[in-house]
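J.: this one's sequence-less:
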Ligand SMILES: NC(=O)c1ccc[n+]([C@@H]2O[C@H](COP(=O)([O-])OP(=O)(O)OC[C@H]3O[C@@H](n4cnc5c(N)ncnc54)[C@H](O)[C@@H]3O)[C@@H](O)[C@H]2O)c1
Ligand SMILES: O=C[C@H](O)CS(=O)(=O)O
């Protein structure tokens, strides 16, 4: 790994009850080279239980602090993350593979949630409602849930943690994080920076190791009141079932299959740039990546020509190399899925316009790919590719494309490009997705409620909505008020 400015940030032990513990015995590899860059502990149920119990002990004192005290601690964490931006991005690119510039952008994005919720901590309000009796008053208070479990994916190893942990801590909850086995180092840096920010021991814990054993504890321990999960839909369904035994709240951010629709009145260059941003960010490994590109017939050929020209300019390589904008895929399994989607599409009549095969660099590098002649019966239409594959479908009418766009079990993000203001509202309201990008391919911000519908999940992260997930309403009926005075 490249040298760090602060070597103290490279942590290779789990973080439980304010201490780094465990013997580092499980390799962490650089997806660009396959080289082992570090080892972390392969912990299981016992460690997870210790972490939950530490979080449980820390909960009442942490919740008893004033909102301003919690806010100040989060603010220190934000400032420490910003100060460590370059080292955090170096570690992130080393274990996840994304281009360094994208990693810097992710650190900024991750930090923005900590900054935002440091302020939102002070804006969790209650209510006094009109009473049903003259001698009584109705008070409604928002209280923190308690211990929160967070299980997070490898594709955004910093932002997917702070997007859950920051609002949870701001609300007064304490947290146990199980990061993805592919990217534990970034999670451990965030833990070290939380320690430096003086979060109380036990308030923020990171347990690395056996996902099934750790997840089994996090979804069943009675002290855990919410399981926050970001990852694939199948895993989300499994965790939801496991959490049912103790009636835990489950906040799910799951898979996507985003349609990207270009109407014939769209600005084509804007649409092409929107497709590039939405499709190829993180080499196509984001939950809101365009998965299906629908282009209205009259502009289909000009759009395909311009998109193909831009895709062929994308430089593939190691994330630390200057000019590289496409890093490696996370694993051989990820490459195999892209290859399977391409092979299936070609077998059903699609054609390659750009790329289409593993990159000459070898390993898990893949050529950014455009295919035309895509159709609804292809795997790439029905399942999330999660790689640098841009399939183009042709369509004739608005009604036809709306039906095609909505014909999936998932409903996370959708995009469309038009300059017809009436169509903007028709499509925005009729698309069955949690988020819609209109004339833009980039929608993610801490200021907005991020999340999906249908099998893309049931929660929102970001905005004020994102902190309410970690609170519970307490209703108090205050009687005995003598109206006579
Ligand atoms: N909606 C969102 O905000 C969002 C964000 C990022 C990724 N995703 C989705 O995540 C998927 C890619 O991420 P992934 O491949 O890491 O997903 P994944 O479901 O395989 O893994 C996600 C996390 O769950 C853990 N996990 C897996 N099986 C588990 C089990 N049985 N018990 C406990 N934990 C378990 C993993 O170790 C990892 O930490 C894609 O579908 C993508 O769309 C969604
Ligand atoms: O992969 C899922 C992330 O939520 C992507 S984003 O950076 O929030 O758009």
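T.: Okay, I see it. Since the structure is predicted, the reported quantities are computational estimates derived from the model, not experimental observations. Residues are numbered from 1 along each chain as shown. Ligands and ions are numbered 1, 2, ... in the order given.
J.: what about residue 362, distance to ligand 1?
T.: As judged by CB to the nearest ligand atom, to the nearest Å, residue 362 and ligand 1 stand 22 Å apart. Any C-beta I mention is one placed from the backbone N, CA and C, and that applies to glycine too.
J.: what's the burial count for that residue?
T.: Burial measure for residue 362: 9 neighbouring residues, criterion other CB atoms under 10 Å.
J.: and it, which of the three is it?
T.: coil (DSSP: H, G, I helix; E, B strand; the rest coil).
J.: now do the phi/psi pair for it.
T.: Main-chain torsions, residue 362, degrees, to the nearest 10: phi 80, psi -160.
J.: what's the answer for the one 4 residues further on, then?
T.: When quoted as degrees, to the nearest 10, the phi and psi of residue 366 stand at phi -140, psi 140.
J.: report the contact partners of it.
T.: Residue 366 makes contact with 283, 316, 329, 335, 338, 355, 357-359, 387-388 under the criterion CB atoms under 8 Å, 6 or more residues apart in numbering.
J.: and it, how far from residue 339?
T.: 8 Å (CB to CB, to the nearest Å).
J.: interface residues of this protein facing ligand 2?
T.: The chain comes close to ligand 2 at residues 155-156, 159, 286-288, 444, 450, as judged by CB under 6 Å from any ligand atom.
J.: and for residue 366 and residue 339, which residues touch both?
T.: Common neighbours of residue 366 and residue 339 (criterion: CB under 8 Å, 6+ apart): 357-358.
J.: find the nearest non-adjacent residue to residue 51, please.
T.: Spatial nearest neighbour of residue 51, chain neighbours left out: residue 205 (4.1 Å); criterion: CB to CB, 6 or more residues apart in numbering.
J.: wait, the one you found sits on residue 176?
T.: Yes - with contact defined as CB atoms under 8 Å, residue 205 counts as touching residue 176 (4.6 Å).
J.: counting neighbours, which of the contacts of residue 366 comes out on top?
T.: Counting neighbours by other CB under 10 Å, the one among those with the most is residue 283, which has 31 neighbours.
J.: which residues touch that residue?
T.: Going by CB under 8 Å, 6+ apart, the list of residues near residue 283 reads 97-98, 326-329, 366, 387-388.
J.: and the pLDDT for it?
T.: We have a pLDDT of 98 for residue 283.
J.: quick check: residue 294 touching residue 263?
T.: No - at 9.2 Å, residue 294 does not count as touching residue 263 under the criterion of CB under 8 Å.
J.: residues in contact with the closest residue to residue 201 other than its chain neighbours?
T.: Counting by CB to CB, 6+ apart, residue 201 lies nearest to residue 18, which is 2.8 Å off, once chain neighbours are set aside. Shown in contact with residue 18 (CB under 8 Å, 6+ apart): 54, 195, 200-202.
J.: same check, this time on residue 253
T.: Residue 253 sits next to 160, 228-231, 287, 450-452, 456-457, 459, 461 when contact means CB under 8 Å, 6+ apart.
J.: before we move on, the earlier item: between the contacts of residue 283, which is nearest residue 465?
T.: Proximity of the contacts of residue 283 to residue 465 was ranked by CB to CB; the top entry is residue 98 with 27.6 Å.
J.: show me what the helix or strand harbouring the residue nearest to residue 51 is packed against.
T.: Using DSSP states H and E, residue 205 sits in strand 204-206. Counting contacts by 3 or more CB pairs under 8 Å, 6 or more residues apart in numbering; DSSP states H and E, strand 204-206 is packed against strand 14-16, helix 45-64, strand 174-178, helix 184-196.
J.: before we move on, the earlier item: next step: the contacts of residue 253 restricted to helices.
T.: residue 160 (DSSP state H).
J.: how about the contacts of residue 253 in JSON lines, adding pLDDT?
T.: Below are these laid out as JSON lines (pLDDT from 0 to 100):
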{"residue": "160", "pLDDT": "98"}
{"residue": "228", "pLDDT": "98"}
{"residue": "229", "pLDDT": "98"}
{"residue": "230", "pLDDT": "98"}
{"residue": "231", "pLDDT": "98"}
{"residue": "287", "pLDDT": "98"}
{"residue": "450", "pLDDT": "98"}
{"residue": "451", "pLDDT": "98"}
{"residue": "452", "pLDDT": "98"}
{"residue": "456", "pLDDT": "98"}
{"residue": "457", "pLDDT": "98"}
{"residue": "459", "pLDDT": "98"}
{"residue": "461", "pLDDT": "98"}
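J.: which one of the contacts of residue 253 is nearest ligand 2?
T.: Nearest to ligand 2 among those, counting by CB to the nearest ligand atom, is residue 287 at 3.5 Å.
J.: next, count neighbours for that closest one.
T.: As a burial measure, residue 287 scores 28 neighbours (other CB under 10 Å).
J.: how about stretch 1-18: buried residues?
T.: With burial defined by 16 or more other CB atoms under 10 Å, the residues of stretch 1-18 counted as buried are 1, 4, 9-18.
J.: using pLDDT, spot the least trustworthy of those.
T.: pLDDT across the buried residues of stretch 1-18 is lowest for residue 1, at 87.
J.: from ligand 2, how far out is it?
T.: 24 Å.
J.: quick one on the thing from earlier: now do the shared contacts for residue 205 and residue 176.
T.: 51, 55.
J.: re earlier: distance to residue 80 and secondary structure for the contacts of residue 366 - can I get that in a markdown table?
T.: A markdown table is the format used below for those (distance: CB to CB, whole Å; DSSP: H, G, I helix; E, B strand; the rest coil):
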| residue | distance to residue 80 | secondary structure |
| --- | --- | --- |
| 283 | 29 | helix |
| 316 | 34 | strand |
| 329 | 31 | coil |
| 335 | 36 | helix |
| 338 | 38 | helix |
| 355 | 41 | coil |
| 357 | 44 | coil |
| 358 | 40 | strand |
| 359 | 37 | coil |
| 387 | 34 | coil |
| 388 | 34 | coil |
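J.: next, give me the two most distant ones among those residues.
T.: Across the contacts of residue 366, the longest distance by CB to CB is 14.9 Å; it joins 283 and 357.
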